[in-house]
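>>> build me a model from this:
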Amino acid sequence: MADEEKTFWGEDDNISQPSSADLRGRQSVRATFKLSERAIEAMSIVAVHLGIKQKSLFDHLIEDMQSLKLIAREIEPDRFSTLNRVQKTFVISRKTLSNLDETSRQFNAPRDALVEYSIQRLMPVINRERDRHRKRKEILRDMAGIVENGLALLEKSRSLLGEDDPVSIRFESAVRSLVNAQGHVKDFVEKGEIIEEF
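Numbers count the residues shown, from 1 in each chain. All right, here's what the predicted structure looks like:
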């Protein structure tokens, strides 16, 4: 900002200013972890199903320092070492990586274990979304019946009143909207099948 430009707040206003450390903490970095296939799949499913970037999801899970510390206290390294794990690289914020490293050192907990068990916090979300997905499928089945009845009634309107009648025209518009809505719901349900198979 040029020196001659004025801000809309006064010098006495208490508006927090970002520090360079805060801004650097938002930089993206790549970090590789050894995690179970189930944890990797859980991250992918929640990201796809809820339309959240994996980076945002990962940052949300790990930046919760209170939960991270509780997890660190409960980790059983021997039990964790028995999991079949594969390497997976995530893009995360520098601050998230710093929180992870700090908690790992403070509690002498494996970094991979902190990530693995943090991801397990997504399981209730997946279970709730799986239930919602089944209900969406039920709604979609009911919609199919309504669309079928609507199309039949539109044909009846056209045969009794003609295609140019205002009632036929308006009803055709309503049925077209319903058919489009059914298509959108069907696409969403198909996209959500991934959560039912998890």
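>>> secondary structure class for Val29?
Three-state call for Val29 (DSSP: H, G, I helix; E, B strand; the rest coil): strand.
>>> now do the residue in the chain sticking out farthest from the centre, the pLDDT please.
The centre of the chain is farthest from one residue, Leu160, which by C-alpha atoms, centre = their mean lies 49.2 Å away. What the model reports as pLDDT for Leu160 is 95.
>>> distance from the chain centre to whichever strand or helix holds it, please.
Using DSSP states H and E, the element containing Leu160 is helix 123-161. Centroid separation for helix 123-161 versus its chain: 25 Å, with C-alpha atoms, centre = their mean, to the nearest Å.
>>> moving C-terminal of it, what's the next helix or strand?
With elements assigned by DSSP H and E, the helix or strand that comes after helix 123-161 is helix 166-191.
>>> quick check: buried residues in the helix holding Leu160?
126, 129-130, 133, 136-137, 143, 147, 150, 154, 157-158 (16 or more other C-beta atoms under 10 Å). In this view, the C-beta of every residue, glycine as well, is placed from N, C-alpha and C.
>>> same list, those, but as TSV with distance to Asp64 please.
Listed next are these as TSV, based on distance: C-beta to C-beta, whole Å:
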residue	distance to Asp64
Ile126	18
Glu129	20
Arg130	23
His133	26
Arg136	29
Lys137	33
Met143	39
Val147	44
Gly150	48
Leu154	53
Ser157	57
Arg158	59
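>>> closest to Pro110 among the residues you listed?
Ile126 (24.0 Å; C-beta to C-beta).
>>> isn't that closest one right up against Glu41?
No. Using C-beta atoms under 8 Å, Ile126 is not in contact with Glu41, being 9.8 Å away.
>>> common neighbours of those two, please.
Here Ile126 and Glu41 have Phe198 as joint contacts, going by C-beta atoms under 8 Å, 6 or more residues apart in numbering.
>>> before we move on, the earlier item: ok, now how distant is the residue farthest from the centre of the chain from Leu153?
10 Å (C-beta to C-beta, to the nearest Å).
>>> before we move on, what about Lys34?
According to C-beta to C-beta, Lys34 stands 59 Å off from Leu153.
>>> try Thr89
55 Å.
>>> distance of the residue farthest from the centre of the chain from Val167?
Leu160 is 9 Å from Val167, by C-beta to C-beta.
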